[in-house]
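Enquirer: below are the sequence and a predicted model; questions follow.
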Amino acid sequence: MTEHAAPAESPQVIDEATAESQDKSLAVVQRLLKERGIQAQCHHMISLGLFANRTDKVTWPNRPLRSWLDRHPPELAVIGPQGRHDVTVTMGPRSGSYLVSRRTDPEPQITRSEHPEKVVDLIAESMS
């Protein structure tokens, strides 16, 4: 009998409380962007899995099924003037800082979570 397990958690998997906290932080940036006329969309991703450990012909519901749900960090996708995805804003895994990834920069810019207006400034700068 072969034993199957749920996929191993990646560093990108977060718990529900963290996802909610990060979503609230990104909502602040999204509201500030909207005030400046800059479009942004918040993306949420979850992974769902369902499997059964069995090699016989017994079908559900006679045997228990196993499941898992993984939440991934939300992302704020900023849409540029040409209608393309130019900037992505996420939250740092431990520090709670904003990570601003602009298409033109090799590394994300890091901004402290206490200063969402600086994130908006970085985004507005890349839009000009």
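Expert: Cool, got the structure. If you're wondering where the values come from, they're calculated on a predicted model, not measured in any experiment.
Enquirer: separation between the residue nearest to the spatial centre of the chain and residue 51?
Expert: By C-alpha atoms, centre = their mean, the chain has its centre lying nearest to residue 74, at 2.4 Å. Distance, residue 74 to residue 51, using C-beta to C-beta, to the nearest Å: 27 Å. Yep, even glycine has a C-beta here, placed from its N, CA and C like the rest.
Enquirer: now swap in residue 114 and tell me
Expert: Residue 114 is 43 Å from residue 51, by C-beta to C-beta.
Enquirer: also residue 70?
Expert: For residue 70, the distance to residue 51 equals 14 Å [C-beta to C-beta].
Enquirer: so which of those two has more stuff around it?
Expert: Higher neighbour count among residue 70 and residue 51: residue 70, with 17 against 12, using other C-beta atoms under 10 Å.
Enquirer: what about the protein, any weak spots by pLDDT?
Expert: Within the chain, the segments meeting pLDDT under 70 span 1-11, 52-65.
Enquirer: quick one: the strands in it?
Expert: 39-51, 66-79, 85-91, 98-102, 109-111 (DSSP state E).
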